[in-house]
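Q: missing the sequence, but the structure's below:
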């Protein structure tokens with residue numbers, strides 16, 4: 001089982017940057033794909049980016065391509081989301097998540113394909 005804890009959210013002006021961190025427990029974390037999602041009240045959880053177990057970014061949602069970068073450090077059991085050129089529409093609670101088993105790649109970013117979730121970190125971008 002994997003436990004995830006996000007951090008790094010906050011309030012930033014449009015055009016600014018934040019780096020989110022996802023800290024994981026478990027000796028097998030390095031064998032899992034990890035994704036970032038975001039959600040606003042009353043809206044569906046939206047896929048943002050994913051990375052495979054070896055550190056290769058897999059997918060980005062079109063709206064963040066060129067602005068966000070996902071990365072990981074398996075030695076530290078950490079996954080990061082570097083967010084640059086932030087826009088007010090990036091405001092959301094951001095979650096990291098992993099699928100139910102190791103070496104399992106999820107295509108398409110469906111939240112139902114992910115089993116382990118953190119508690120989320122709030123990102124607010126002011127205009």
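A: Now that the structure is in, tell me what you want to look at. These figures come from a predicted structure and were not determined experimentally.

Q: please make it C-alpha for all contacts and neighbour counts, starting now.
A: OK.

Q: please determine how far the one residue sitting closest to the centre of the chain is located from residue 55.
A: By Cα atoms, centre = their mean, the mean C-alpha position of the chain lies nearest to residue 36, the distance being 2.0 Å. Counting by Cα to Cα, to the nearest Å, the gap from residue 36 to residue 55 is 14 Å.

Q: one more: residue 19?
A: 17 Å.

Q: show me where the chain has strands.
A: Remark: strands assigned in the chain by DSSP state E are 3-7, 10-13, 18-25, 34-39, 46-51, 57-60, 68-73, 78-83, 92-98, 116-117, 121-126.

Q: can I get those strands in JSON lines with mean pLDDT and distance to residue 110?
A: Shown next, in JSON lines, are those (pLDDT from 0 to 100; distance: least, Cα to Cα, whole Å):
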{"stretch": "strand 3-7", "mean pLDDT": "97", "distance to residue 110": "18"}
{"stretch": "strand 10-13", "mean pLDDT": "98", "distance to residue 110": "26"}
{"stretch": "strand 18-25", "mean pLDDT": "97", "distance to residue 110": "19"}
{"stretch": "strand 34-39", "mean pLDDT": "98", "distance to residue 110": "10"}
{"stretch": "strand 46-51", "mean pLDDT": "97", "distance to residue 110": "7"}
{"stretch": "strand 57-60", "mean pLDDT": "95", "distance to residue 110": "12"}
{"stretch": "strand 68-73", "mean pLDDT": "98", "distance to residue 110": "18"}
{"stretch": "strand 78-83", "mean pLDDT": "98", "distance to residue 110": "19"}
{"stretch": "strand 92-98", "mean pLDDT": "97", "distance to residue 110": "11"}
{"stretch": "strand 116-117", "mean pLDDT": "96", "distance to residue 110": "13"}
{"stretch": "strand 121-126", "mean pLDDT": "98", "distance to residue 110": "20"}
